[in-house]
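> show me the folded form of this:
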Amino acid sequence: MPFLAMVIVQVGYAGMSFISKLAMDDGMNPFVLITYRQIIATVATAPFAFFLERKTRPKITVPILFHIFLSSLTGAFMSQVFFFLGLNDSSPIITGAMTNTLPAMTFVFALIFKQESFSIKTKAGRAKVVGTLLCVGGAMLLSFYHGHTIAGSNSGINWNYAEKMTDKRSTHKSHSILGPCLLFCSASSWALWFIIQAKLSPTFPAPYTTTTLMCLMASIECSIVGAATECNAVAWSLRSMIRLITVFYAGIVSSALVFCIMSWCVHRKGPLYTSVFSPLLLVMSTLLSWALLGEKLYVGTLVGAVFVIFGLYLVLWGKAKEAERARITNEVEAAAEYRKKEDSELQHQPHANGESRQDPN
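Residues are numbered from 1 along each chain as shown. This next block holds a predicted model:
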């Protein structure tokens, strides 16, 4: 179930990257988009938090609020600001490629905060390391190596509106360095969010409430920054259909739904497992760009995709082996504890029998 859930998350993110790029090509300010996204996400998740977790929600304490604030700052504010600014200065394919630094950054942060083990002497440890490197390497290969063409630009389902919007911005090409740097900062912020969420989830297992509070705090943060950077009221207008679709899709699907799913997956499988699915975003973004924007598919696309999928398999295999080893260890410890308890009861039984024989009654 977590595997399917994370695939759905990446499909949602691929769609968001595509339509968000179109909205910003239409002239939408990234800060305006982020602000609307968080407000809509708050409204979308609040009813679920109230009705589904009203009786099961743990008490909200000051430390929990502080962790939620850190989650909003890293996952819902900083990562989104860097992501959309980087997307505005690049393309969905480059965005997908740079997002694939997320597993490596999460692995590093998880090692620093001791949420993941690093044992190069075990097969599981080597599989996680090699799988992470293959995911990142495959994503980079897919982005920067072309080779021969294996699929032409005429997919038969090209979206003329999307092609017109990208042509509209073709004369305003973005910085080649700034965009990837911003996207790397976004991935680093996301990695920190996974680490914070892994610590928060066991103590506050209420994903809808966590998401609602996080998006509410992020709405305030984004509104302050958005109002300071964009004072023109016209820029906040949603009269354009692509802008309206984008803010509702980003708020409901890419924030409300995705944050709830990822919080649940982090609680179930840990931060590294959840982050390692990010390379799928690049594969899906590439297919969308080919189908709707008429971009060509190359040999590098196919080879990179194979590397990504094989790397995912290695990491998932390593995590499964570690989980199996942990289960066996727990069973052995439980059996040893049970035998120790039985031995202790047998040692006390002779004393009890002796006392009963000495009883004159």
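
> could I get the full set of strands for this protein?
For the chain, the strands defined by DSSP state E cover 149-151, 297-298.

> may I see those organised as CSV, with distance to Arg339 added?
Quick note: C-beta positions are derived from backbone N, CA and C, even for glycine. Converted to CSV, the strands of the chain look like this (distance: least, CB to CB, whole Å):
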stretch, distance to Arg339
strand 149-151, 62
strand 297-298, 61
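
> go through these and pick out the most buried.
strand 297-298 (a mean of 19; mean count of other CB atoms under 10 Å).

> okay, now the sheet partners of it, with direction.
Here strand 297-298 has these sheet partners by DSSP bridges: strand 149-151 (antiparallel).

> Phe66: neighbour count?
11 (other CB atoms under 10 Å).

> and it, how far is that from Val9?
According to CB to CB, to the nearest Å, Phe66 and Val9 sit 26 Å apart.

> could you do Ala326 as well?
Ala326 is 25 Å from Val9, by CB to CB.

> which one's more surrounded, the two?
Looking at Ala326 and Val9 with other CB under 10 Å, you find the greater number of neighbours at Val9, namely 23 against 10.

> please name whichever of the strands of the chain is nearest to Pro30.
Among these, the nearest to Pro30 by CB to CB is strand 297-298 (28.9 Å).

> what about the stretch 1-150 of the chain, any weak spots by pLDDT?
The stretch 1-150 of the chain contains residues with pLDDT under 70 at 93, 116-118, 142-143.

> recalculate using a threshold of 90.
Applying pLDDT under 90 to the stretch 1-150 of the chain flags the ranges 1-34, 37-38, 41, 44-45, 48-59, 75-76, 80-81, 83-150.

> quick one, helices of it?
For the stretch 1-150 of the chain, the helices defined by DSSP state H, counting those that start in this stretch occupy 2-25, 30-52, 62-71, 79-88, 92-99, 102-112, 123-144.

> looking at those helices, which is buried most?
Highest mean neighbour count of the helices of the stretch 1-150 of the chain: helix 92-99, a mean of 26 (counted as mean count of other CB under 10 Å).

> so which elements touch that helix?
helix 2-25, helix 79-88, helix 123-144, helix 178-203, helix 279-293 (3 or more CB pairs under 8 Å, 6 or more residues apart in numbering; DSSP states H and E).

> what's the closest of those to Phe307?
helix 123-144 (2.6 Å).

> give the closest residue to Val306 in space, chain neighbours not counted.
Gly138 (7.2 Å; CB to CB, 6 or more residues apart in numbering).

> typo on my end, Leu257
Closest to Leu257 by CB to CB, 6+ apart is Gly12, at 6.7 Å.

> so what's the residue lying closest to Tyr36 once chain neighbours are set aside up against?
Residue nearest to Tyr36 in three dimensions, not counting chain neighbours: Val247, with 4.0 Å by CB to CB, 6+ apart. Val247 makes contact with Ala23, Leu33, Tyr36, Arg37, Ile40, Leu238, according to CB atoms under 8 Å, 6 or more residues apart in numbering.

> closest to Ser263 out of the residues you listed?
Relative to Ser263, the closest of those is Arg37; by CB to CB it sits at 17.3 Å.

> check contacts around the closest one.
Counting by CB under 8 Å, 6+ apart, Arg37 touches Gln80, Cys222, Val247, Ala250, Gly251, Ser254, Ser255.

> tell me which two of the residues you listed sit farthest apart.
Between all members of the contacts of Arg37, the farthest pair (by CB to CB) comes out as Cys222 and Ser254, at 14.2 Å.

> pLDDT on stretch 237-256, on average?
Stretch 237-256 carries an average pLDDT of 86.

> how about that stretch as PDB, C-alpha atoms only?
Provided in PDB are the C-alpha atoms of stretch 237-256 (Å, rounded to 0.1, in the frame of the first residue of the first chain):
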ATOM      1  CA  SER A 237      -6.400  37.900 -10.000                       C
ATOM      2  CA  LEU A 238      -7.500  34.300 -11.000                       C
ATOM      3  CA  ARG A 239      -9.500  35.300 -14.100                       C
ATOM      4  CA  SER A 240      -7.200  33.200 -16.300                       C
ATOM      5  CA  MET A 241      -8.500  29.600 -16.500                       C
ATOM      6  CA  ILE A 242      -5.000  28.100 -16.300                       C
ATOM      7  CA  ARG A 243      -4.200  30.100 -13.100                       C
ATOM      8  CA  LEU A 244      -7.500  29.000 -11.500                       C
ATOM      9  CA  ILE A 245      -6.900  25.300 -12.400                       C
ATOM     10  CA  THR A 246      -3.300  25.500 -11.200                       C
ATOM     11  CA  VAL A 247      -4.000  27.000  -7.700                       C
ATOM     12  CA  PHE A 248      -6.900  24.500  -7.000                       C
ATOM     13  CA  TYR A 249      -4.800  21.500  -8.300                       C
ATOM     14  CA  ALA A 250      -1.700  22.600  -6.400                       C
ATOM     15  CA  GLY A 251      -3.800  23.200  -3.200                       C
ATOM     16  CA  ILE A 252      -6.000  20.200  -3.200                       C
ATOM     17  CA  VAL A 253      -3.800  17.500  -4.900                       C
ATOM     18  CA  SER A 254      -0.200  18.600  -4.400                       C
ATOM     19  CA  SER A 255      -0.600  20.000  -0.900                       C
ATOM     20  CA  ALA A 256      -3.600  18.600   0.900                       C
END
